[in-house]
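Undergrad: structure of the sequence below:
(chains A and B)
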Protein chains: 2
Amino acid sequence: MSTTAEHGRPPGPHPKPDRSPKQDRSRATRQRLLEAAVACLAEHGWAGSTVSVVAERAGVSRGAAQHHFPTREDLFTAAVEYVAEERSTALRALFPHGTTGDTRAVVTAVVDLYTGPLFRAALHLWVAASNEDQLRARVTELEARVGRETHRIAVDLLDADESRPGVRETVQGFLDMARGLGLANLLTDDTTRRRRVVAQWAALLEQALA
Amino acid sequence: MSTTAEHGRPPGPHPKPDRSPKQDRSRATRQRLLEAAVACLAEHGWAGSTVSVVAERAGVSRGAAQHHFPTREDLFTAAVEYVAEERSTALRALFPHGTTGDTRAVVTAVVDLYTGPLFRAALHLWVAASNEDQLRARVTELEARVGRETHRIAVDLLDADESRPGVRETVQGFLDMARGLGLANLLTDDTTRRRRVVAQWAALLEQALA
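TA: Numbering: from 1, shown residues only, chains lettered A, B, ... in the order given. Here you go, the predicted model:
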């Protein structure tokens, strides 16, 4: 699920030793653009997010930005995918030994994926894609890839046995709930209510998966 | 939670007998505008939805539209609220005797609230409000009212006893899941997956609320 891999770059955060300084600079520029693009989408929405605005925010010339991302669609889908990968990696790193048996900690960490700037950015992209045909196919494909990866992580961390009937749908419904909690946090700070819902559903999930 | 009530009009679908034909026409115009506004938001998003576009779609002059709704914010928040009320009324009408003991039927009907044009319209409004201060306060207040009403209906139809610890949060988490399922249906037809998730989560809810 790696855009970077599709462009022939290594998926990890550290450049390989055989890379030239010029390649490293190009890679750093690309990352700055991707991070600026997600921040821009989260703050200004799709209508306010152009390649020029992102280039300025990243401190990169418009020409350099277009060298990396020929179209606006390229830039923003790559950006949401890049940040989704970063978040997945960070989530796995929180539980380096896989499942901990602490369902509540896992549920909390997964729900956290849906309440930050990445979710806001992704939401703006999804909603824009629902009215723009060019963007729609790209975002649908991206959403499927990111969704599959998040599902895989949730199954691993919850130690869920998907060969048992209903377990797959239990995990899917939990991820739908996490997305819904993200939406509920869009206009107001929903932290207090969310904590209570997470505590209760962590207990219900633990029973359902036991 | 009725915008119509705020404007001094009766909340029910039937005009009172003491209304004049002129008042009836005005009321019919207002309803046409509200329905056209929701359809427009769902299809074209906030950026493509202006008072003029809605007036044309409703077959109403721009002046008449502005007589009913002085600002764009007035029109679209009233529209989402109006249709949300219509949907709530329809949901209650599906279960005229309140709870049926059929959790799956109730869960399916509640989830259906989040997968049609009303949810798409509301989503466009929420996302636009997250970047527009003028709209934000209005939509936040609207969302709270509609959310409370949906929660009340879900509690009634599920026959949930909120005096028991955890029951309130169980119902809230279910409604968050329903919202997440709506989001998952935005770009692709998610019906098949959603049916399986609903079947499983109806069983989980039934156990949790028993």
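
Undergrad: any idea how far the residue positioned nearest the centre of chain A lies from A:Thr100?
TA: When CA atoms, centre = their mean is applied to chain A, the residue found nearest the centroid is A:Ala84 (2.4 Å). Between A:Ala84 and A:Thr100 the computed distance is 23 Å (CB to CB, to the nearest Å). For the C-beta atoms, the positions are set from N, CA and C on the backbone; glycine is no exception.

Undergrad: sec struct for the spatially closest residue to the residue nearest to the centre of chain A that is not a sequence neighbour, please.
TA: Distance criterion CB to CB, 6 or more residues apart in numbering or on different chains; nearest residue to A:Ala84, sequence neighbours excluded, is A:Val146 at 4.6 Å. On the three-state scheme (DSSP: H, G, I helix; E, B strand; the rest coil), A:Val146 is labelled helix.

Undergrad: show me where chain A has helices.
TA: A:3-6, A:21-44, A:51-58, A:62-68, A:72-94, A:103-112, A:117-129, A:133-158, A:167-184, A:191-209 (DSSP state H).

Undergrad: burial measure for A:Leu123, as a count.
TA: 25 (other CB atoms under 10 Å in any protein chain shown).

Undergrad: now that the residue nearest to A:Ala84 has come up, it's in contact with A:Tyr82, right?
TA: No. Using CB atoms under 8 Å, A:Val146 makes no contact with A:Tyr82, being 10.8 Å away.

Undergrad: returning to what we had before: contacting residues for the residue nearest to A:Ala84?
TA: A:Met1, A:Val80, A:Glu81, A:Ala84, A:Ala122 (CB atoms under 8 Å, 6 or more residues apart in numbering or on different chains).

Undergrad: going through those, which ones are buried?
TA: A:Met1, A:Val80, A:Glu81, A:Ala84, A:Ala122 (16 or more other CB atoms under 10 Å in any protein chain shown).

Undergrad: so which of those residues is the closest to chain B?
TA: A:Ala122 (10.0 Å; CB to the nearest CB).

Undergrad: tell me the contacts of the closest one?
TA: A:Ala122 is in contact with A:Val80, A:Ala84, A:Glu143, A:Val146, counting by CB under 8 Å, 6+ apart.

Undergrad: please look at the first one and A:Ala121 and confirm they touch.
TA: Yes. The pair A:Val80 and A:Ala121 passes the contact test of CB under 8 Å, sitting 5.9 Å apart.

Undergrad: what do those two both touch?
TA: By CB under 8 Å, 6+ apart, the residues touching both A:Val80 and A:Ala121 are A:Val38, A:Leu41.

Undergrad: burial check on A:His153, number of neighbours?
TA: Just so we're on the same page, residue A:153 is Ile rather than His. 22.

Undergrad: likewise for A:Gln66?
TA: 16.

Undergrad: gap between it and chain B?
TA: 24 Å (CB to the nearest CB, to the nearest Å).

Undergrad: A:Leu33 too?
TA: Applying CB to the nearest CB to A:Leu33 and chain B gives a distance of 21 Å.

Undergrad: A:Glu56 is in contact with that residue, correct?
TA: No. The criterion here is CB under 8 Å, and A:Leu33 misses it with A:Glu56 at 10.9 Å.

Undergrad: tell me which of those two has more neighbours.
TA: A:Leu33 (24 against 15).

Undergrad: which ones are touching that one?
TA: A:Val54, A:Ala55, A:Ala58, A:Val60, A:Ala65, A:His68, A:Phe69, A:Leu75, A:Ala79.

Undergrad: so among the residues you listed, where is pLDDT lowest?
TA: By pLDDT, A:Ala79 ranks lowest within these, coming in at 93.

Undergrad: what's the closest non-adjacent residue to that residue?
TA: A:Ala37 is the one closest to A:Ala79 (CB to CB, 6+ apart), at 3.5 Å.

Undergrad: give the contact list for the one you found.
TA: So A:Ala37 contacts A:Ser49, A:Val54, A:Leu75, A:Phe76, A:Ala78, A:Ala79, A:Ala121 (CB under 8 Å, 6+ apart).

Undergrad: out of those, which is most surrounded?
TA: A:Phe76 (31 neighbours).

Undergrad: check which residues of stretch A:108-115 are buried.
TA: A:Ala109, A:Val110, A:Val111, A:Asp112, A:Leu113, A:Tyr114, A:Thr115.

Undergrad: likewise stretch A:132-144?
TA: Those would be A:Leu135, A:Arg136, A:Arg138, A:Val139, A:Leu142, A:Glu143, for stretch A:132-144 by 16+ other CB under 10 Å.
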